[in-house]
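Colleague: what's the 3D shape of this:
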Amino acid sequence: MADRTALDAVNEVLQKAPARNFAESIELAINLKDLDLTVPKNRIEDEVPLPNGRGRDVRVALFGSPEMCQKVKGVVDVAIDPPALEELLKDKPRAKKLVEETDFFLAEAPMMPTIGRRLGVVLGPRGKMPRPIPPGGDPSNLVTALKRSIRVRSKGNRTFHAAVGIRTMPPEKLAQNVDAVLQRIVGKLERGRTNIESVYVKTSMGPAVRLW
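Modeller: As a prediction, this is how the structure comes out:
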């Protein structure tokens, strides 16, 4: 079938999807082909900034020294210094809740080994291992970028999903987000777009409309 624009697909999805009493996510369903997904380099795992944001609050947490935590106060949603980390590690339900409620984690590089050893079992499977930052650095710009980003993970699957916004966002802005995500994914694939079999746009609970 001939390609259509992202805006055409988004508008059709919004017209077809039943009304809900909450703001559904708008998602891409991407189907890959001609890739050996047992080879790690063929899997997609990326943080993609959206030109128009996600349409909802994005939570970022940081593990850092007391000095770093003071520096990022009011920038990140949660700042965890070494004593607070030790307390968190003693309370597994609270640690799991923090991971589930937080979209992205950052950590000063010296704390990464402890986090990997003690929290890796919770963070790793969810694709939420912290991004390391240099000791004493200023992650404010990175936090700002993450707050309008999504994490895209194909893992070992040929079909995977990526949320590009919510239904209450203007269609034009959703379409721009769609194009940004697809451009990033195509750039990561070994043979670019030829490794994509199809792309659908859908609401989280509604019908899918083919884009590619």
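Colleague: contacting residues for the residue nearest the centre of the chain?
Modeller: Geometric centre of the chain, nearest residue: R151, 1.9 Å, by CA atoms, centre = their mean. By CB atoms under 8 Å, 6 or more residues apart in numbering, the residues touching R151 are E45, D46, E47, V48, D103, F104, G127, K128. All C-beta spots, glycine's among them, are computed from the backbone N, C-alpha and C.
Colleague: that one and E47, how far apart?
Modeller: From R151 across to E47, the span is 6 Å (CB to CB, to the nearest Å).
Colleague: list residues touching both of these two?
Modeller: With CB under 8 Å, 6+ apart as the test, R151 and E47 both reach F104.
Colleague: how about CSV for the contacts of R151, with secondary structure added?
Modeller: Below are the contacts of R151 laid out as CSV (DSSP: H, G, I helix; E, B strand; the rest coil):
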residue, secondary structure
E45, strand
D46, strand
E47, strand
V48, strand
D103, coil
F104, strand
G127, coil
K128, coil
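Colleague: buried ones only from those, please, as a ChimeraX command.
Modeller: Buried residues among those (16 or more other CB atoms under 10 Å), as a ChimeraX selection:
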select :46,48,103,104,128
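Colleague: show me which of the contacts of R151 is closest to S25.
Modeller: D103 (13.3 Å; CB to CB).
Colleague: list the pairing partners of the helix or strand hosting the residue nearest to the centre of the chain within its sheet, with orientation.
Modeller: Assigned by DSSP states H and E, R151 belongs to strand 149-153. Using DSSP bridges, strand 149-153 pairs in its sheet with strand 45-49 (antiparallel).
Colleague: which residues sit against the strand it pairs with?
Modeller: Residues contacting strand 45-49 (CB under 8 Å, 6+ apart): 104, 127, 145-146, 148-155, 162, 180-181, 184-185, 188.
Colleague: now do stretch 184-198
Modeller: So stretch 184-198 is contacted by 30-35, 41-42, 44, 46, 48, 152, 158, 162, 210, 212 (CB under 8 Å, 6+ apart).
Colleague: change it to 7 Å
Modeller: If you take CB atoms under 7 Å, 6 or more residues apart in numbering as the criterion, stretch 184-198 is touched by 30-35, 42, 44, 46, 48, 152, 210, 212.
Colleague: so which of the residues you listed is the most crowded?
Modeller: I30 (24 neighbours; other CB atoms under 10 Å).
Colleague: dump the residue contacts of that one.
Modeller: By CB under 7 Å, 6+ apart, the contact list for I30 reads F160, A162, I185, I196, V199.
Colleague: the fourth one and G165: what is the separation?
Modeller: Summarising the geometry, the distance separating I196 from G165, computed by CB to CB, is 21 Å.
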